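*Asks:* Kindly return the folded structure for what I paste below:
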Amino acid sequence: MSDVISYDERKDLPDSVFGLPERREYPMPDAAHVRAAEAYFRYCPEDLKPRLAKAILERAAQYGVNIESPTILSYAKS
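*Replies:* Okay, here's the model as predicted:
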């Protein structure tokens, strides 16, 4: 999978690969997209940041991505 997901590819992704599954936002089907979710974390609504941070860390662990962002690590502890 490339680092860009087409509309059709995104539509076919299971909810479980999204950082915010109920909104189908922040897809993380691979390591490149985990890094993208980390980069776009700042755009997440404040009240959803703790859940997204935890989802990013879970997916990062699956793909061997090292998350060093103090912001994400801080929100994950919330």
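*Asks:* Summarise which helices and strands the lengthiest helix in the chain is packed against.
*Replies:* In the chain, with assignment by DSSP state H, the single longest helix is helix 49-63. Packed against helix 49-63 by the contact rule (3 or more CB pairs under 8 Å, 6 or more residues apart in numbering; DSSP states H and E) you find strand 18-20, strand 25-27, helix 31-40, helix 70-76. (Glycine included, C-beta is placed from N, CA and C.)
*Asks:* what's the weakest-modelled helix or strand in this structure?
*Replies:* Least confident helix or strand, the chain: helix 7-12 with a mean of 91, by mean pLDDT, DSSP states H and E.
*Asks:* Buried residues in that one, which are they?
*Replies:* The neighbour-count check on helix 7-12 (16 or more other CB atoms under 10 Å) flags nothing as buried.
*Asks:* Would you mark the buried spots in stretch 18-38?
*Replies:* 18-20, 25-30, 33-38.
*Asks:* Dump the helices and strands packed on helix 49-63 into TSV; add mean pLDDT as well.
*Replies:* Listed next are these as TSV, based on pLDDT from 0 to 100:
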stretch	mean pLDDT
strand 18-20	97
strand 25-27	97
helix 31-40	97
helix 70-76	97
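*Asks:* now the ones you listed as JSON lines including distance to residue 62?
*Replies:* Formatted as JSON lines, those follow (distance: least, CB to CB, whole Å):
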{"stretch": "strand 18-20", "distance to residue 62": "13"}
{"stretch": "strand 25-27", "distance to residue 62": "14"}
{"stretch": "helix 31-40", "distance to residue 62": "8"}
{"stretch": "helix 70-76", "distance to residue 62": "15"}
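*Asks:* Relative to residue 54, which of the ones you listed is closest?
*Replies:* Among these, helix 70-76 comes nearest to residue 54, with 5.1 Å by CB to CB.
*Asks:* Return the list of helices and strands in contact with the closest one.
*Replies:* helix 49-63.
*Asks:* How far off centre is the helix it packs on?
*Replies:* When distances are taken as CA atoms, centre = their mean, to the nearest Å, helix 49-63 is centred 6 Å away from the chain's centroid.
*Asks:* Next, the buried residues of that helix.
*Replies:* Buried residues in helix 49-63, counted by 16+ other CB under 10 Å: 49, 51-57, 59-60.
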